[in-house]
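# 3D model of this:
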Amino acid sequence: MKRLVGALDRPAAARFAAACAERVLAFFEAAHPEDDRPRTAIEVARAGAPVAVARAAASAAHAAARAAADAVADPPAGAITAVRAVWAARAAGHAAASLHVATHAAAAAHYAARAAADPAERRWQWERLQRVVGSCQRSTVGVTSAKGAGISRA
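Here you go, the predicted model:
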């Protein structure tokens, strides 16, 4: 996945990462409904905000993840749900960070998959990423090289 994410430009990587993070955002919002930092980070990633704004949003989402992790330090019965909230916030932080460094999108996908705890999530991410890469490659001159690289255009 990291190799394919590396083929994307930063805005495309950020949009992919935002899509991954948004799919698990509900885990965070259910546990911390008053904290909008992860949602803001996803919105910033989708908007293609300037790097300074993206960095601030990423830092804020990661701070939300740390705060959520502190709440898990003394695990209640619903610890798994609480940990999923942490991973969802991390996914959102990496989505915004993708506007600065595209490979953060792979980390966003990783944390989103951990939060989802469902193999179907990884399959969705992989299929989505292949479509995004294929779309980016079709918009450039080197489209024919995609077949040689084994990239499916699903």
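
# who's in contact with the closest residue to A49 other than its chain neighbours?
In space, and not counting its chain neighbours, A49 is closest to L99: 6.4 Å by Cβ to Cβ, 6 or more residues apart in numbering. In short, each C-beta sits where N, CA and C put it, glycine included. Counting by Cβ atoms under 8 Å, 6 or more residues apart in numbering, L99 makes contact with 10-11, 14, 44-45, 48-49, 51, 54.

# which of the residues you listed lies closest to L129?
Nearest to L129 among the contacts of L99, counting by Cβ to Cβ, is A14 at 13.0 Å.

# in terms of contact, does that closest one touch S98 like I think?
Yes. With contact defined as Cβ atoms under 8 Å, A14 reaches S98; the gap is 4.0 Å.

# which among the contacts of L99 gets closest to V24?
Nearest to V24 out of the contacts of L99 is A45 (Cβ to Cβ; 14.2 Å).

# And the helix or strand containing the closest one, what does it pack against?
Using DSSP states H and E, A45 maps to helix 37-47. Helices and strands touching helix 37-47, by 3 or more Cβ pairs under 8 Å, 6 or more residues apart in numbering; DSSP states H and E, are helix 10-31, helix 51-72, helix 79-97.
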